[in-house]
Every structure is written in C-alpha cells, then in structure tokens.
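Peer 1: Sequence and predicted structure below; questions after.
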Amino acid sequence: MKIEIWSDVICPFCYIGKRNFEAALEQFDHKEQIEVVWKSFLLDPSISEQSSESYHQYLTKRKNMPLEQVNAMLANVTQMAKQSGLDYHLDQSIIVNSQKAHQLIQFSKTKKLGDKAEELLFLAFFTDVKNIADTESLVKIGLELGLDEIELKSIFDDQKYKYEITQDIQEAQNIGISGVPFFLFDRKYAVSGAQPSQVFLETLNTSFTKWRASNPKTPIQVIQGSNCSLEDGCN
C-alpha cells in the first residue's frame, strides 16, 4: 500500500510528523507491505538562497508577529520536537530557499533513497544548522547517502528535477493540500500535520484493512517439476 507524504525540509512540523509516523509504522504489523513516497512542497519559493534571516526574524516579518511571541512559539515547537526525540536549534537556523534540497531529494528517489535523503536534510537544517541551499553542503549530504559525486554536481542544473518538484506541488494543489506535512494513505485517507503516532497507527490500520480487501493475497499455483534447491540439491 502506498503512502505519499508532502513536506518541506524547512518545516519544523514535517520532521516531527516524520518521526511520529515512523514510530507508528514500527508498531504496524504489515509494515513490509507499505511503500512510502516523499513529495516536494515549497512553503515559500520567494526566499533567497543567500538569505541571512534567522528563523525568528523570518517569522516575525512573514507573520507580522512580535518577536517575543515568535520566540515563545518556536520554544514550544522545540519542546514538541524533543518529545519526538529530535534536537532542534531554531535559534541558530538560517532560513534559505529549499528548492535545491528538493532537487537532491528528487534525484535520491531515483536511487530508492528518498526517505534517507529527507532524514539527512531535516537533520542538517534543524539540528546541525547547515545551509541547505549551498551546493557544496548538499553534495556532501549526497555523498553521505552513497550517491555518485559526478552525478550529484550535475543535478542542480538539471531541469528534470525542477520539473518533478513542480509536478508534486501541482498535484498537491489539485488534491487541495495547502499545508504540510500531509500524509495520504492509498489516496483514500489523509492525516494533516504532525499528529501523535497513535493517530498515524489508527489510520494505517484502517486504510490497510480497506486496501487488503481490494488487494487480497492470491496463492500462486505451482506446477512442480525437476529442480535444484539449497536444501535438497538437484532432483
């Protein structure tokens, strides 16, 4: 069963949602039959790649909120992250455009490394306070994923991965997604936001039951003949 997740790697609730979803998946009896597909979402495409604004400054300006209120809000988010086992340093994070980070994710997906790419980019931004718009930093993350360095250096100029991002965003708009994280289970059930793991587990159970009813296991009819096996050799 396919679960599609729209997220942005500069969204603090997306990393928390990822962790809570993973906790639910660990408790799910049929996790080996779940396919997770990450989808790109840009919360603010207007942010510069050379931004020097802190997370606090950005939200103060974007939401037109007093700095004290923003500080309190981000302190709550940091505590929420801690409860999910994450270590946020939002007081040090510099807001940058996440387009290139998503290009790395799209490329990683072609190597079946989309989930690991999401994890390392979240970690880089929220915990290690790295500049995820910097090509050199992104190449290092790609190398950590085990990707080829020559290929990595070419993906940021490749229109293919920019197109994939645009397609994901257009798909989100068509579905009616206006915020992330957004988890879509078998295109029939959805969870919006960084919900507790129990909510994800309940949705997993409900959606999988419906999916299994429409996709029953079919026993394979085998015509036996002479063969070789590890246990019995050839007969």
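Peer 2: Sure, I can see it.

Peer 1: When you work out contacts or count neighbours from here on, use the C-alpha atoms and nothing else.
Peer 2: Will do.

Peer 1: Pull out the buried residues from stretch 97-113.
Peer 2: By neighbour count, and taking 16 or more other Cα atoms under 10 Å as the criterion, the buried residues in stretch 97-113 are 97-109, 113.

Peer 1: same question but for stretch 85-95, I mixed them up
Peer 2: For stretch 85-95, using 16+ other Cα under 10 Å, the buried residues are 86-95.

Peer 1: now swap in stretch 66-85 and tell me
Peer 2: Along stretch 66-85, these residues count as buried under the neighbour rule (16+ other Cα under 10 Å): 70-71, 74-75, 77-78, 80-81, 84.

Peer 1: That stretch - what's its average pLDDT?
Peer 2: Per-region confidence: stretch 66-85 scores 95 on mean pLDDT.

Peer 1: repeat for stretch 104-117
Peer 2: The pLDDT scores in stretch 104-117 average 97.

Peer 1: Kindly format the C-alpha coordinates of it as PDB.
Peer 2: In PDB, the C-alpha atoms belonging to stretch 104-117 read as follows (Å, rounded to 0.1, in the frame of the first residue of the first chain):
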ATOM      1  CA  LEU A 104      18.500  16.400  -4.200                       C
ATOM      2  CA  ILE A 105      15.500  14.500  -2.800                       C
ATOM      3  CA  GLN A 106      14.100  14.000  -6.300                       C
ATOM      4  CA  PHE A 107      17.400  12.600  -7.500                       C
ATOM      5  CA  SER A 108      17.700  10.400  -4.400                       C
ATOM      6  CA  LYS A 109      14.300   9.000  -5.100                       C
ATOM      7  CA  THR A 110      15.600   7.600  -8.400                       C
ATOM      8  CA  LYS A 111      18.100   5.600  -6.400                       C
ATOM      9  CA  LYS A 112      15.400   4.500  -3.800                       C
ATOM     10  CA  LEU A 113      17.000   6.800  -1.200                       C
ATOM     11  CA  GLY A 114      14.200   9.400  -0.900                       C
ATOM     12  CA  ASP A 115      13.400   8.600   2.700                       C
ATOM     13  CA  LYS A 116      17.100   8.700   3.800                       C
ATOM     14  CA  ALA A 117      17.600  12.000   1.900                       C
END
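
Peer 1: How far off centre is that stretch?
Peer 2: 10 Å (Cα atoms, centre = their mean, to the nearest Å).

Peer 1: How much space separates residue 165 from residue 194?
Peer 2: The span separating residue 165 from residue 194 equals 22 Å under the rule Cα to Cα, to the nearest Å.

Peer 1: nope, residue 48 is what I was after
Peer 2: Distance check for residue 48 against residue 194: by Cα to Cα, it reads 26 Å.

Peer 1: Of these two, give the one with the bigger neighbour count.
Peer 2: Comparing residue 48 with residue 194 by neighbour count (other Cα atoms under 10 Å), the higher total belongs to residue 194, at 24 against 14.

Peer 1: I'd say the more buried one and residue 22 touch.
Peer 2: No: because the distance of 11.7 Å does not satisfy Cα atoms under 8 Å, residue 194 is recorded as not touching residue 22.

Peer 1: Could I get the average pLDDT for stretch 34-52?
Peer 2: For stretch 34-52, the mean pLDDT works out to 92.

Peer 1: now do the same end-to-end measure for that stretch.
Peer 2: Comparing the first residue of stretch 34-52 with its last one, the separation is 40 Å (Cα to Cα).

Peer 1: how far out from the middle of the chain is it?
Peer 2: When distances are taken as Cα atoms, centre = their mean, stretch 34-52 is centred 10 Å away from the chain's centroid.
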